[in-house]
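In: Structure, please.
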Amino acid sequence: MLFHQVGSPARAALIACLLCVVGATVSAQSWPNKPLKLIVPYAPAGGTDVLARNLAQKLTEALGQPVVVENRAGADGMIGSEFAARAPADGYTMLIASSSHAINPTLYAKINFNTVKDFSCITQTAKQQVILVVHPSLPVNNVRELIQYAKANPGTLNFASPSKATQLPMELFNTMAGIKMTNVPYKGSAPALTDMLAGRIQAGFGGGASVAPHIKTGRLRALAVGDDRRSSFMPDLPTVAESGLPDFHSVVWTGMFVPSATPRAIVNRLNEEVVRIMTSPDFKSKLEGQGFEPVASAPERCDGFIATEITKWAKVAKDAGIQPE
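Out: Below is the predicted model:
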């Protein structure tokens, strides 16, 4: 009766709409029927790449199709992210990105995709705590002493940033503490860590997994955890917030994304599989051994998290006087 009650153009439009819905449903039900790509917008062997390869192996088993990791590094992750944003929205191209995904919109004037509008989040996958460390030659043993030293010796302290995205946590610390340590850019985390161990860089935040061995040997001194809770492997180490800068919070996180027009049924299926993998005891234990804490969230919650992160770091950059390039 409905088709006879509407005019010919309206009837044609309604039929077309129904056919699109049916087509999307059929496509989602038959998905996947060919190999999938998981784009890592960073170089091989980094933390995100290691996580991606672990996850791809498990997703291959879960989906019954090969999930191939493809590194497309460059421009703080923007080259690989643009490739993923422009891929067909059919669920066969996924992106796994880190904190830079939400920081780059503030730091770069021209990005060839919209971080919010061009992606749908599958889930936040993991996070890694960052530790505020100093070279042991620096006469400070806690956050308050570091702040006092920086105020008493202006212009003498440097911190390293392997990328612009890693600069902002220290800029947040500077702003909240009312001090000014100088940023020294590096082209990778390895040379930055080398210079910190040599004492050419005095302070900085480092991923827990990378700095923990040097803390144990005494080559670096740990002052505080950037997270809002203490580290499981250094439970006696206070958080920055506990040390006099309330509400300070910074972690390195990763999340999985697909182009925003991807059918919701596929997004939900991917979320279901990834969350199941991330929360499985064996996978969780493996990641924790590599310094990661698995995180599993609903797509909507992850999308909201990304929007909050963009707003947060935009304010940090503005307060630090950082202009987009």
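In: just the strands in the stretch 51-200 of the chain please.
Out: Under the criterion DSSP state E, counting those that start in this stretch, the stretch 51-200 of the chain contains strands at 67-71, 93-98, 119-134, 158-161, 182-185.
In: between those strands, which gets nearest to residue 173?
Out: strand 119-134 (7.4 Å; C-beta to C-beta). Heads up, the C-betas are built off the backbone N, CA and C, glycines and all.
In: In its sheet, which strands sit next to the closest one, and in what direction?
Out: Partner strands and pairing direction for strand 119-134 (DSSP bridges) are strand 203-207 (antiparallel), strand 221-225 (antiparallel), strand 251-259 (antiparallel), strand 293-294 (antiparallel).
In: can you tell which of the strands of the stretch 51-200 of the chain is closest to residue 44?
Out: Per C-beta to C-beta, nearest to residue 44 of these: strand 67-71, 5.3 Å.
In: Paired strands for that closest one, with orientation please.
Out: Counting by DSSP bridges, strand 67-71 is paired with strand 36-40 (parallel).
In: Report the beta-bridge partner residues of the residue sitting nearest the centre point of the chain.
Out: By C-alpha atoms, centre = their mean, the chain has its centre lying nearest to residue 98, at 2.3 Å. Using DSSP bridges, the bridge partners assigned to residue 98 are residue 254.
In: my read: it touches residue 257, true?
Out: No. Look at residue 98 against residue 257 with C-beta atoms under 8 Å: they stay out of range, at 11.5 Å.
In: Averaged pLDDT, stretch 36-46. What do you get?
Out: The average pLDDT for stretch 36-46 rounds to 91.
In: List the buried residues of it.
Out: Neighbour-count burial for stretch 36-46 flags 36-42, 46 (criterion: 16 or more other C-beta atoms under 10 Å).
In: Next: stretch 313-325.
Out: Result for stretch 313-325 [16+ other C-beta under 10 Å]: buried residues 313-314, 316-317, 320, 322.
In: Quote the end-to-end distance of that stretch.
Out: Length of stretch 313-325, first residue to last, C-alpha to C-alpha, to the nearest Å: 15 Å.
In: any idea how far it is from the chain center?
Out: 19 Å (C-alpha atoms, centre = their mean, to the nearest Å).
In: do the same with stretch 279-293
Out: The answer for stretch 279-293 is 17 Å, by C-alpha atoms, centre = their mean.
In: Ends of that stretch, what's the gap?
Out: 10 Å.
In: Identify whichever of the strands paired with strand 119-134 lies nearest to residue 306.
Out: strand 251-259 (7.1 Å).
In: Quick check: which ranges of this structure have low pLDDT?
Out: 1-28 (pLDDT under 70).
In: per the record, what domains does it have?
Out: Per the record, the chain has its domains at 13-127+252-319, 129-225, by automatic domain parsing.
In: May I see those domains organised as TSV, with distance to residue 243 added?
Out: Shown next, in TSV, are the domains of the chain (distance: least, C-beta to C-beta, whole Å):
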stretch	distance to residue 243
domain 13-127+252-319	19
domain 129-225	4
